[in-house]
Structures are given as structure tokens and as C-alpha cells.
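# I'll drop the sequence and a predicted model, then ask my questions.
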Number of protein chains: 2
Amino acid sequence: MTATPTPRVTIRDVAARAGVSKGAVSLAFNHKPGLSEATRDRIFRAARELGWAPNLTARTLAGSRVDVVGLAVCRPARMLGLEPWYMEFVSGVESVLAEHSCSLLLRLVRSMDEELRVQEAWWRGRQVGGSILVDFQAGDPRVGLVEGLGLPVVAVGHPSLTGGLPSVWTDDATAVTEAVRYLAALGHRRIARVGGAAALGHTAIRTAAFDEAAGALELAGAWQVATDFSGDAGARATRSLLTAAVPDRPTAIVYDNDIMAVAGLSVAAEMGLRVPEDVSLLAWDDSQLCRLTHPTLSAMSHDVHGFGAEVARTLFGVITAEGTAGSHPVPTPVLTPRGSTAPPKV
Amino acid sequence: MTATPTPRVTIRDVAARAGVSKGAVSLAFNHKPGLSEATRDRIFRAARELGWAPNLTARTLAGSRVDVVGLAVCRPARMLGLEPWYMEFVSGVESVLAEHSCSLLLRLVRSMDEELRVQEAWWRGRQVGGSILVDFQAGDPRVGLVEGLGLPVVAVGHPSLTGGLPSVWTDDATAVTEAVRYLAALGHRRIARVGGAAALGHTAIRTAAFDEAAGALELAGAWQVATDFSGDAGARATRSLLTAAVPDRPTAIVYDNDIMAVAGLSVAAEMGLRVPEDVSLLAWDDSQLCRLTHPTLSAMSHDVHGFGAEVARTLFGVITAEGTAGSHPVPTPVLTPRGSTAPPKV
């Protein structure tokens, strides 16, 4: 009943099947430049079909496990299931780990202190070859811990928050500015933002950028509301913004994720307001949800799956000490106009 | 910069803070009966506030790690991020693991053979104390592997598929029958089902139950379409069902998850059909999405988060050999009527 053992597959077999050199297979699996997308895909497909994965262990820090990557998340369990961002991010991480036959060690923690203990135990217990660190805050204590331990990590966050750790980030400030400028260019003078959790560093960056853009454009009204990223919180925030009398009501709302924008769309309908005629809504992240609503949601599109994949690739570079990229941003979210944004009624 | 060491917290401290005996704390963490929900909550809250977790290791199979639970998933990485079910399930599992300071080792595999190799390597390498097995198929080879290894597992699937392994499941057949009966009771005589992946055992169970219910009710028309659970596939299936001329068109559609139902709602709007006047839609699982659309979606409500939590609790019982529950179903999905179902126009 167990799997039949198969003859051992080598890098040579993968190269032969893909019609490339062994060196090309090595380039592909080390995520180095010099191969076309098509060749890279052919190599990964050949490896998948043969069930081959590179043996990273041979190349790493003495004795540490590298077939496992750690990720500790400090959010309520319930929230993890409600926020499409996390699952998209994890699926992107897993897509790269799977190419290397690696697993993700996922842990929910209740506090920063618990994450510090968990990361230290994982590394000292040789349970992980490296970790992905998320949700950075100002003065984050993980920076000191990681340096003390020599734990290979990639920090998901802007370099202003991650204290010199190898980092991959999104340029949130530029994206928020573009969102506000777009709505202003449509003629909106009263714009609100339904933001994420106030304690998170990237939320603070977005909040500051929104204020700055609103000031530079001399908007007549600018509101920001902090939430916990849930649809229910997005609905509450939207209801509160839209119940004000007309001159004090925003004509456009930008959301920090897409589940809150979907909730906002529903609140507008419940209040008898037409989207986009009475109020424009702009989502963030742009998972498949934004194309499934009616009207479809305009969004700041961000390839969260690709972001997760890039973080995992960077971590492999750090672990194998072959990474040359160092800290770098992923592509900035771009505006995808759909049916939920339009000029305000005069 | 590292965490300040705190005085060691014991079970006695937790009991004192919660105002209960040490025995009650033990009952709560072993998920045994005999405590009210309120007491149980108070104990978990006290433990959380004190940062205490029971030391399971002392009670387990010699030398195996139990602070890690394995989960291998054979789906494309992209799909994992698109299907709310998985993240809800994982969040439920994590909610119980977090109470025990345990982590989830998550691995995407490309084939059943790869999962067999992964589970064996995890167990022999003492990387997991037990595993959660999902997506059972007829004649599943994991049954033999698990028995051979003595790996503690909980199988997520109906006992007809899981070959005597400790199992936790949903009674899909009863739920499908109830869904069809409800639509028929509203007066619908032409009903379609947009189902999940045909290879999965629970999809086959739903398909058979739908056919049987349609036959017993002598429906004038009954259609079933298999998909990959994605919103795009749900939209395509809906479009194809609703483009038929009226006498060959369903007046009600039931979906195997909620993202496909949201997509179906959008397709109806795009085709100028009113929901529920022209077509009734019934979702499944009922994540927050169903309450965020307009109209809100009627659904077969299923506490997927609670399902994941129950699976994790059962696995702890199996690992510590203290479990008394054995195989058992979780509550059957119940009908939650909202705005997307109504009698058909005569």
C-alpha cells in the first residue's frame, strides 16, 4: 500500500527531459538570471514530472534544517481565515517552497514576546532553516533577536521598519498617493480612507501618505478610519462615513484591502446609494473578489501571490548565501479602473 | 533586545487566575467534558494572559515531537489562495494548536505519491507528532501507509472513504438533500448544482445525493457541473447554465462553495437576470462573503473554522492516546435563507 520506490532521479535526468544543460537547471532552482521564462518553466515542469528537487541541505549552514521555513503570525486565528491577503501570500510562498520540496512551519502567536520565543526555539531546535517575518512595527524587537541568533530571515516590510534585515516590501506610500491623485483627477474633493490595523507599520506609512496627498491636493475633506481589516469592520466604517449629511460626506472611499471594499459596496446598496454615481469605491490588493461584484471594483492591484513567491525566493538566497539581490521592493500596486469609480455628481 | 525572561508560570497559576482547580485546567486543555463553556473560556483566557501552555511532550509516544502537526495539501498553490474554505479550516486548526503552543507544518504536494513520501519522512524524521489528512479519494493509499508507520492522524472525510482511520467529517449527503428539498419546496422544478472537483470523495458523495434527491422529487430538470472551486469556474458554469432557452434553464442553482455563488450573482447581473426573481442562488460554507453581497446570499451554513478546530482537538486526543471520541461528524450544514432565494416566477 505504500509508494513504490522509483529509481533515483538526478539533475542530469531533469536536464535531459527539459533539453537543457545541468547548469541551466541549477540556475533555475537558484533563481538566478540568464534564462528565459519559457526555459525556466520547462525546467520546473520537467522536475515536477520526475519528482526531482534540489538537495539544498548540502549547501547550508552546518547542521541546520533547510527543508522547513518558519512563519509566525500575530493575529487572532479568526482573522487569519477572513483576510484573503494572508492566504494569497502563503500560497505564493508555498509555490516556491514546493519547487524545493520544502514545507512552511506556520504558527499563530499571541504577542511579540511569544514570537521572539518561538523564533529562538525553532532556530536553536533546528526546526527551521530560516524564517519569514511579517507585520513589522516601529522599533521591532525581532531585529535584535535575529542578529543575536544569526537566524536567516527575510523581513516583509519597508526598510524604515526592518532595521537593516534583508527585506522585501511594497511601496505603500507611492501607491496611496496614486490612489488619492486618481480620485482627485476624477473631480473628487472629499475623499476617505478605510485603513487597516493602526499598530502595523505599513498602515502608519499609508496613513501618513494619505494625509500628505490630501494636503498637497488641498482636498475639501479627508477622513481616515482604522479597522481590523475584516468585512464587518469595513461595513461599519462605510456606514459611519456615508451617514453624514451631504456636504460632510465623502464622495469617494479607498479601502486598505478588498474584502472591506466588497462590504462597502453592499453598505452603499443597503443605503440606496448608487456606485459609482453617488459614491466611488476603490479597493486594494485586488484578489478575484473585485471582479466578482456588480459593479466590478476598481482597485490598486497588487500581486500578493507573486509577493509571497518573491519573499520565499529571497529567503532561499539568504539561506544558501547565494542571494545577490539583497533588500528590494516588489512592483508597486497599480491602478486598475473598473466599474466602481467615476466623477462625482456635480 | 531579546525577550525578558519571566518567572516560570505553572498550571497552579492558571488555575488561581481562572478561579478553578488544577484538575479543571487539565480537563479544559485535554478537551474533556465536564466544564461549562464559560469556565472553559475563562481558563483559556487565563492561560493566554499568563502565556502558559501544557507540556504535551511528557505524555507522548517516545521521542516523537508533538509540538508540530503536519498538513499536506495536493492542490495548485494558486488555488489554495483563492478558496476561502482552506484558510478558514487552517485558521480553526491554528486556533487550537495555539492553545497548546503548537505549530502547523504546511506542505503543498503535487501528487498522492509525493504526499506519501512527505508523511513518511515527517514521521520518521520526528518532524511531526501527527498529521491531518485531507481530500480523501476512493481507495486512498494513505490508509495503508499510516497503519504501516503508526503515524497518529485524523482523516478529514467520510468513513466510507477513510478506511477505518480516526475521522471527522461533514454529512454532505444530508446537507445536499436538504438544499434540494428547500428549493423544491419553494416551487423550483429545474435545479442545477455547480459542484467542486470531481476527483474528490466528498464531491462524489454530494453528486450522488443530488441525483437521488432530484429523482425522489421527480424534478423536471436537474443539472450538475464539475469545477475547480474557483470564482472564474463558477462564473463560467453559471453563464453556461443560464444561456439555455427558458424551458431548459434552471430556476435555481446551488453551489459547492461561496466564492462560486458570489461569481454566479455577478453573472446573473451581467445577463440582466434578477436574483431571486429570475433565478435563485444558494451558496455553501457561508463565509462572511455571503453577507457582503447585494442581495445577501442564502447558504448552507457550515462552521468551517469550528470544523478545523474540532479536527485539531481530535488529533490531540489521538496523539496523547487520551481521545475517547473516535470518529465523529461535525454538525451538518444548515440552511440559512437570505435574499437570494425565493419562489420562481410562475
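Great, that's in hand.

# Quick one: the helices in chain A, in order.
Here chain A has its helices, by DSSP state H, at A:11-18, A:22-29, A:37-50, A:77-82, A:84-99, A:112-124, A:142-149, A:172-185, A:201-216, A:231-242, A:258-270, A:289-292, A:304-319.

# weakest of the ones you listed in terms of mean pLDDT?
Per-stretch mean pLDDT for the helices of chain A is lowest at helix A:77-82 (a mean of 74).

# quick one: pLDDT of A:Ala325?
At A:Ala325, the pLDDT value in this model is 55.

# so which of the helices of chain A comes closest to chain B?
Chain B lies closest to helix A:142-149 among those, at 2.2 Å (C-beta to the nearest C-beta). For every residue, glycine as well, the C-beta is placed using N, CA and C.

# how far does that closest one sit from the chain's center?
Distance, stretch centre to chain centre, for helix A:142-149: 23 Å (C-alpha atoms, centre = their mean, to the nearest Å).

# Next: stretch A:267-276.
Worked out by C-alpha atoms, centre = their mean, stretch A:267-276 lies 30 Å from the chain centre.

# Same check on stretch A:331-345?
20 Å.

# got it, and stretch A:90-110?
For stretch A:90-110, the distance to the chain centre is 14 Å (C-alpha atoms, centre = their mean).

# ok, now stretch A:198-217?
18 Å.

# Name the residues of that stretch that come out as buried.
By 16 or more other C-beta atoms under 10 Å in any protein chain shown, the buried positions in stretch A:198-217 come out as A:200-207, A:209-210, A:213-214, A:217.

# neighbouring contacts of it?
With contact meaning C-beta atoms under 8 Å, 6 or more residues apart in numbering or on different chains, stretch A:198-217 is reached by A:135-138, A:140, A:157-158, A:160-161, A:170, A:172-174, A:176-177, A:180-181, A:184, A:191, A:193, A:195-197, A:222, A:224, A:226, A:256.

# now do 6 Å
Applying C-beta atoms under 6 Å, 6 or more residues apart in numbering or on different chains, the contact partners of stretch A:198-217 are A:135-137, A:157, A:161, A:172-173, A:176-177, A:180, A:184, A:193, A:195-197, A:222, A:224, A:226.

# Can you tell me which residues in chain A are near chain B?
Within chain A, the residues that sit near chain B (C-beta under 6 Å from any C-beta of the partner chain) are A:1-3, A:48, A:77, A:80-82, A:87-88, A:91, A:94-95, A:98, A:103-108, A:110, A:113, A:116-117, A:141, A:144-145, A:231, A:262-263, A:266, A:269, A:288, A:292, A:294, A:305.

# Show me which of those are buried.
Neighbour counting with 16+ other C-beta under 10 Å marks A:3, A:48, A:77, A:80-82, A:87-88, A:91, A:94-95, A:98, A:103-108, A:110, A:116-117, A:141, A:145, A:231, A:262-263, A:266, A:288, A:292, A:294, A:305 as buried within those.

# From A:Leu241, how far out is A:Pro337?
A:Pro337 sits 22 Å away from A:Leu241, taking C-beta to C-beta, to the nearest Å as the criterion.

# my bad, should have said A:Arg126
A:Arg126 is 51 Å from A:Leu241, by C-beta to C-beta.

# out of the two, which sits in the more crowded spot?
Using other C-beta atoms under 10 Å in any protein chain shown as the criterion, A:Arg126 and A:Leu241 rank with A:Leu241 on top: 21 against 12.

# Quick check: buried residues in stretch A:245-265?
Buried positions in stretch A:245-265, judged by neighbour count with 16+ other C-beta under 10 Å: A:249-265.

# I'd assumed A:Thr177 was in contact with A:Met300.
No - using C-beta atoms under 6 Å, A:Met300 is not in contact with A:Thr177; the gap is 10.8 Å.

# Counting neighbours, go ahead and name the busier of the two.
Between A:Met300 and A:Thr177, A:Met300 has the larger neighbour count (other C-beta under 10 Å), namely 24 against 19.
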